[in-house]
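Visitor: return a 3D structure for these sequence lines:
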Amino acid sequence: MSWEDRADRFEKKPISTGVRWGLIGVGVVVFFAVIFGALSFGGAWAKKGADVVGPANVEKQYDQVITNWESLTSAADNACMAAGATSTDNSPTFVESPAMAYVSTYRSIRVDYNAAQADLFKAKVVGPSGYPSEIPNFVEATGQTPDFCSVGTQLAELKAAAE
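Guide: Numbering: from 1, shown residues only. The predicted structure follows:
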């Protein structure tokens, strides 16, 4: 087809030719938008992966897991020592049972520890070795008369098994 034939066709149907080129232009724009959108999406996931295994996150997760572990064992040890203390006439009267306060503290720390260890973007991938991946819900740490001396022993055994 010569240029003159094309010019004649455009002169005869200027709207349809213009619409055709307009649709082709829109198609090209949509095509590139999809390509760049997919590349951007993939890049965001690659960046997130790099952030998870990056030094700043690894340091943060090590600190969180180790701090929670130390807090957990300290709470169990403190509860064990408090359970063995005897009260006298001069001892303060508590509205709430200290044992229940220790159960609450212990449970809160255990939940934070387990949540960090189970989260893929936190310590699940980059957590420190030598620490359990989960703290089980020990029966001894619940109820009206929890036995935190036993819980402390079980935590030590759990840590030894993880190393």
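
Visitor: for the longest helix seen in the chain, give the mean pLDDT please.
Guide: Of all segments of type helix in the chain, defined using DSSP state H, the longest is helix 14-52. Mean pLDDT, taken over the full extent of helix 14-52, equals 88.

Visitor: report the buried residues of it.
Guide: By neighbour count, and taking 16 or more other CB atoms under 10 Å as the criterion, the buried residues in helix 14-52 are residue 52. The way it works is simple: take the backbone N, C-alpha and C, and place the C-beta from them, glycine included.

Visitor: from residue 163, how far out is residue 151?
Guide: Using CB to CB, to the nearest Å, one obtains 19 Å as the distance from residue 151 to residue 163.

Visitor: care to break the chain down by domain?
Guide: When the chain is parsed with automatic domain parsing, its domains come out as 3-50, 55-162.

Visitor: would you mind finding the most buried of these?
Guide: Between these, domain 55-162 has the highest mean count of neighbours, a mean of 15, where neighbours are mean count of other CB atoms under 10 Å.

Visitor: and residue 135, helix, strand or coil?
Guide: Taken by DSSP: H, G, I helix; E, B strand; the rest coil, the conformation at residue 135 corresponds to coil.
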